[in-house]
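>>> here is my input, please return the structure:
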Amino acid sequence: MDSSHLFDLSNDVAVVTGAGRGIGEGIAKVLAGAGAAVVCAARREKEIERVADEIRASGGRAIAMATDVTRDEAVESLAEGAIEAFGSLDIWVNNAGGSPIQAPLVDLPREEWDATLALNLTAVWVCSNIAARHMRDGGRIVNITSRAAELVVPGSGHYSAAKAGANMLTATYAKELGPRIRVNGIMPGPVPTEIMMKALGLAEEQLEKLERALRLPAGRLGTPEDLGAAALYLVSPASEWVTGQTLNISGGQ
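Purely as a prediction, here's the structure:
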């Protein structure tokens, strides 16, 4: 039996938000490596231009579109730009998110609560609605949330609440958009991205100590490529009977 088609995305166009670094960069490159044309979106234009350049240098198809996912009109332009550049919209990965602030909920400034929900929850709702309107049948949406959606992390209650909400959006959209569009999610565990390092106040030389302290069954911290592989599964033909699921991709955390 030939199974080569199971992870073939050569007929697909994918938008990845937050694609300029970290997990988003890893996802964009893995999807491009599977044949998808990728639209790399983020606020920092220089970063997404670099990612798109590296994808093209490796023989893939990619463009960069500077986008603030907290602005509805910017997200609409992103969807339209993907279709204008590549002819369709098939995959949308809601990866943009994060919060650099840690504080007990009772001390958290209101503006930080509002900003965290706007980026990590409301933007997922807006992006999913716009993506669904523009997708052809067989579309796939993947929401990148966090293990913090299920684990109590003192100082990150605002972020956890937003990501728990995104998990519920994933399950609800799967019911409401199926069977035309499949919707799934990924809860990454400890992946030493820039925003995680900043939020936890970690330096590069402290990662080995963190790895030992976590004692993950998989034996190591995660990488952006680990999350890219999980995203590839959820958007590929291999997962055609999977929707409404949020996978725990955390090294066993």
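
>>> those helices in this structure, which residues are they?
With helices called from DSSP state H, the chain shows them at 22-33, 45-57, 72-86, 110-117, 123-134, 157-177, 194-200, 207-214, 224-235.

>>> put the alpha carbons of the second one into CSV.
In CSV, the C-alpha atoms belonging to helix 45-57 read as follows (Å, rounded to 0.1, in the frame of the first residue of the first chain):
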residue,chain,number,x,y,z
GLU,A,45,7.9,42.1,8.9
LYS,A,46,11.7,41.5,8.9
GLU,A,47,11.2,38.2,10.7
ILE,A,48,8.6,36.7,8.4
GLU,A,49,10.5,37.9,5.4
ARG,A,50,13.5,35.9,6.7
VAL,A,51,11.3,32.8,7.2
ALA,A,52,9.8,33.1,3.7
ASP,A,53,13.2,33.6,2.1
GLU,A,54,14.5,30.5,3.8
ILE,A,55,11.5,28.4,2.7
ARG,A,56,12.0,29.6,-0.9
ALA,A,57,15.8,28.9,-0.7
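
>>> from the contact counts, what lies against that helix?
With contacts taken as 3 or more Cβ pairs under 8 Å, 6 or more residues apart in numbering; DSSP states H and E, helix 45-57 sits against helix 22-33, strand 37-42, strand 61-66. C-beta here means a position set from N, CA and C on the backbone, and glycine is covered the same way.

>>> please name the residues that touch residue 126.
If a contact means Cβ atoms under 8 Å, 6 or more residues apart in numbering, then residue 126 has 69, 72, 75 as its contacts.

>>> could you tell me the average pLDDT over stretch 74-91, please?
Averaged across stretch 74-91, pLDDT comes to 98.

>>> quick one: residues contacting residue 131.
Contacts for residue 131 were tallied using Cβ under 8 Å, 6+ apart; they are 15, 79, 89, 92, 139, 141.

>>> I'd guessed the fourth one sits against residue 127; true?
Okay, so that is residue 92. Yes. At 6.6 Å, residue 92 counts as touching residue 127 under the criterion of Cβ atoms under 8 Å.

>>> more neighbours: those two, which one.
Ranked by neighbour count (other Cβ atoms under 10 Å), residue 92 and residue 127 place residue 92 first, with 32 against 26.

>>> report pLDDT for the residue nearest to the spatial centre of the chain.
By Cα atoms, centre = their mean, the chain has its centre lying nearest to residue 95, at 2.4 Å. Model confidence at residue 95, given as pLDDT, is 98.
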